[in-house]
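Undergrad: structure for this input, please:
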Amino acid sequence: MNREILIDLVNQTMPFGKYKGRLLCDIPEYYLVWMKGQGFPPGKLGMQLSTLYEIRLNGLEGILTELRRTYGKG
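TA: Numbers count the residues shown, from 1 in each chain. Reported below is the predicted structural model:
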């Protein structure tokens, strides 16, 4: 997995929708499940959300906690 993709998850915000302005890593799991069912958006954002979905699905949130401590904005 690309390290830069993971770092982006703790620094970039959701550009639209119900969670607009929230860090990608703070988007709730149920919303990611819903988005997967609808189809993730194309491009980089879709890839980021898909990665976040897989992290949550596999119980790997600890990765995000550590990245947030090391590379996060807030």
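Undergrad: surely Lys36 meets Tyr53?
TA: Yes. Using CB atoms under 8 Å, Lys36 is in contact with Tyr53, at 5.6 Å. (C-beta placed from N, C-alpha, C; glycine too.)
Undergrad: which of those two has more neighbours?
TA: Higher neighbour count among Lys36 and Tyr53: Tyr53, with 18 against 14, using other CB atoms under 10 Å.
Undergrad: and the more buried one, which of the three is it?
TA: Using DSSP: H, G, I helix; E, B strand; the rest coil, the structure places Tyr53 in helix.
Undergrad: make sure it is actually in contact with Leu32.
TA: Yes. Using CB under 8 Å, Tyr53 makes contact with Leu32 at a distance of 4.4 Å.
Undergrad: and the next helix or strand past the helix or strand hosting Gln48?
TA: Secondary structure from DSSP states H and E places Gln48 in helix 43-57. The helix or strand immediately downstream of helix 43-57 is helix 61-71, counting by DSSP H and E.
Undergrad: for Glu29, give me its contacts.
TA: Arg56 (CB atoms under 8 Å, 6 or more residues apart in numbering).
Undergrad: Gly59 versus the nearest residue to Ser50 once chain neighbours are set aside, what's the distance?
TA: Setting aside the residues directly before and after it, Ser50 is nearest to Phe40 in space (CB to CB, 6 or more residues apart in numbering), at 5.1 Å. The gap separating Phe40 from Gly59 is 20 Å, by CB to CB, to the nearest Å.
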